[in-house]
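**Student:** Got a predicted model here, sequence first, then my questions.
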Amino acid sequence: MGSEKQTVSKNGGRHLKLNIGLIVFIGIFIYLIAIGLSYLMRNHISFYEVQQGWIVDSDTFTGFILRNEAVVNTGQSGYINYFVNDGAMVAREGNVCMVTTNAGSSVQGTADGSALTLNGSDYSDIREQVLSFKKKYNDSDYASVYDLDYQLGNIVSNIVSRNNINSMNQADSTNGYTVMTADQSGIVSYSYDGMESYTQDDMTPELFSARNYEKSQLSAGMKIDSASPAYKLIYDDNWQIVICPTADQYKRLKELDTVNLQLQRDNITVSADVSTFQKDGTDYVSFSLSNYMVRYCNDRYIDIEIIWDNHDGLKIPKSSIVSKNFYRIPADYLQTEEESSESGFYSVDNDETVFIKPIIYAQNKEYCYVDCADIAEGTVLKKPSSDETYTIGETEALKGVYNINKGYAMFRLIDILYEYGDYCIVSDKTDYGVTLYDHIILNGSSVKENDIIY
């Protein structure tokens, strides 16, 4: 009853008739198994797409700021108010602050509980500080919130001082007051930390931890005692940033006269003069600047970054790099054919001179480099207008990668600009080199030139 047919032979035996469909199915099954085994056993090739990139070699430091500055003490106790803003310039004999026995108003409010009077400029200053903070704020640098608090506190202090001084000028007050003037011209600051007299001789490694650092801030309406700090005066715009580098960093900096520093808080890059010194066996480096001091007049510590090298180009992994031998030919044998204006060499064969034009993959002042497949070893080249000859034979290995854009491995030269970690930056202007978005073999040693990639 089945679909298989049976036949009877003359001797009474029986045999099955072959099923063609079954044979085809078995053949396909065996083929698929063979393909699967071949896939599992072969070396799998990974590729990398060339991208535009850059590598920055830099080091960050926390620097200690030195300035030509001094704290000015008051001669009497009382309540202090200021004529000039924090960070503003004052002339010699110019009014800086006033100490009075009348409390007046303070940063916390007026003495009678009334509100402070703010004008349009005051609102503009506050708005500018908040917007500037908003643009630069990053959660990883939460400490910048304290900078905002300090700046806003200074603005409010200036407003309080203005109100108090105006009130005293308008009132018929019998209360005594003292106006303090600057002994020299300079920049006024209303913060101090007791390190104003520090010099390079006072440097110690512990100073750079900043763990126990404390800074005091003066504000309008504050009660101060006699002989206590009233303000700080910075006498010029010159300042120093001192760092305590590692031995390797110190060695690199000692060889430099100037260096570019990035002041990280404001993302400002400045040029600074470099000097090195030692104190008690510890190496220090000092950077001298004459710009932007006023932006950091209330700071003792500053985060800076030194950019040693900055290269941009095409970014490729080091694992892709391979070497290939090229014939090395003296550059003065390279000539330009008058008829075609093409470059090549004059080859001597059986007293006959022939102009050959192999591809020049690379060239410098001394040599030209030709693919070994483009010219035969032992070829004799002749220098024009001379009896000198050169026999092809010397080779030199050049670095490159395998490009697989066309489905097989093609060697392409690279000019390495900079190496860092697992990657390097190569020039995008190399003849017979790689270009943006090329596909290259990730592990260059896994294939050979002209291998078909599938």
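**Tutor:** Now that the structure is in, tell me what you want to look at. Residues are numbered from 1 along each chain as shown.
**Student:** The residue most central in space within the chain: helix or strand, and which one exactly?
**Tutor:** For the chain, the residue nearest the mean C-alpha position is Val56 (4.3 Å; CA atoms, centre = their mean). Val56 is located in strand 51-73, with elements delineated by DSSP states H and E.
**Student:** Show me which residues of that strand are buried.
**Tutor:** By neighbour count, with 16 or more other CB atoms under 10 Å as the criterion, the buried positions of strand 51-73 are 55, 59, 61, 63-67, 69-72. Any C-beta I mention is one placed from the backbone N, CA and C, and that applies to glycine too.
**Student:** now do stretch 248-257
**Tutor:** Using 16+ other CB under 10 Å as the test for burial, stretch 248-257 gives 249-250, 252-253.
**Student:** ditto for stretch 382-391
**Tutor:** Of all the residues in stretch 382-391, those buried under the rule 16+ other CB under 10 Å are 382-383, 390.
**Student:** Over to stretch 76-88?
**Tutor:** Judged by neighbour count (16+ other CB under 10 Å), stretch 76-88 contains these buried residues: 78-87.
**Student:** Next: stretch 214-226.
**Tutor:** By neighbour count, with 16+ other CB under 10 Å as the criterion, the buried positions of stretch 214-226 are 218-222, 224.
**Student:** what secondary structure does Tyr31 sit in?
**Tutor:** helix (DSSP: H, G, I helix; E, B strand; the rest coil).
**Student:** Kindly give the local confidence score, pLDDT, for it.
**Tutor:** At Tyr31 the predicted local distance difference test score is 87.
**Student:** Quick check: Lys134 vs Tyr296, distance?
**Tutor:** Taking CB to CB, to the nearest Å as the criterion, Lys134 is separated from Tyr296 by 21 Å.
**Student:** Was I right to think Ile452 contacts Met410?
**Tutor:** No: applying CB atoms under 8 Å, one finds Ile452 not in contact with Met410, separated by 11.4 Å.
**Student:** Make CSV from the buried residues of strand 51-73 and add pLDDT and distance to Ile441 to it.
**Tutor:** What follows is the buried residues of strand 51-73, written out as CSV (pLDDT from 0 to 100; distance: CB to CB, whole Å):
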residue, pLDDT, distance to Ile441
Ile55, 80, 21
Asp59, 93, 34
Phe61, 95, 41
Gly63, 96, 46
Phe64, 97, 50
Ile65, 97, 52
Leu66, 97, 55
Arg67, 96, 57
Glu69, 97, 61
Ala70, 96, 66
Val71, 96, 67
Val72, 95, 70
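**Student:** Can you tell me which of the residues you listed lies closest to Ser320?
**Tutor:** Using CB to CB, Ile55 is the member of the buried residues of strand 51-73 that lies nearest Ser320, at 15.7 Å.
**Student:** Identify the residue spatially nearest to that closest one, adjacent ones excluded.
**Tutor:** Taking CB to CB, 6 or more residues apart in numbering, and ignoring the residues beside it in sequence, Ile55 has Tyr420 as its nearest neighbour in space, at 4.5 Å.
**Student:** wait, doesn't the one you found sit right on Ser58?
**Tutor:** No: under the criterion of CB under 8 Å, Tyr420 is not in contact with Ser58, lying 10.7 Å apart.
**Student:** where does the stretch 351-454 of the chain dip in pLDDT?
**Tutor:** Applying pLDDT under 70 to the stretch 351-454 of the chain flags the ranges 454.
**Student:** hey, where'd the strands end up in it?
**Tutor:** 352-356, 360-363, 367-371, 380-382, 389-391, 395-403, 410-413, 416-420, 423-426, 439-441 (DSSP state E, counting those that start in this stretch).
**Student:** next one: the stretch 151-300 of the chain
**Tutor:** Secondary structure of the stretch 151-300 of the chain, counting by DSSP E, counting those that start in this stretch: strands at 177-181, 186-189, 191-192, 216-217, 223-224, 229-243, 258-263, 268-279, 282-289.
**Student:** what residues are up against the nearest residue in space to Leu218 that is not next to it in sequence?
**Tutor:** Among residues not flanking Leu218 along the chain, Tyr190 sits closest, at 4.3 Å (CB to CB, 6+ apart). Taking CB atoms under 8 Å, 6 or more residues apart in numbering as the criterion, Tyr190 is in contact with 82, 86, 154, 157, 217-219, 231-232, 298.
**Student:** ok, back up a step: so what are the sheet partners of the strand holding Val56 and their directions?
**Tutor:** In the sheet containing strand 51-73, its partner strands are strand 229-243 (antiparallel), strand 301-317 (antiparallel), by DSSP bridges.
**Student:** Retrieve the pLDDT associated with Gly87.
**Tutor:** Note for Gly87: predicted pLDDT of 87.
**Student:** ok, now Ala220?
**Tutor:** So Ala220 comes in at 77 (pLDDT).
**Student:** Do I have it right that it meets Val84?
**Tutor:** No: counting by CB under 8 Å, no contact exists between Ala220 and Val84, whose distance comes to 11.7 Å.
**Student:** what number of residues lie near Ile241?
**Tutor:** If you count neighbours by other CB atoms under 10 Å, Ile241 ends up with 23.
**Student:** does it have beta-bridge partners, and which?
**Tutor:** On the basis of DSSP bridges, Ile241 is bridged to Ile65, Phe287.
**Student:** Any stretches of the stretch 101-250 of the chain with poor pLDDT?
**Tutor:** Residues of the stretch 101-250 of the chain meeting the criterion pLDDT under 70: 102-126, 128-129, 132-133, 135-176.
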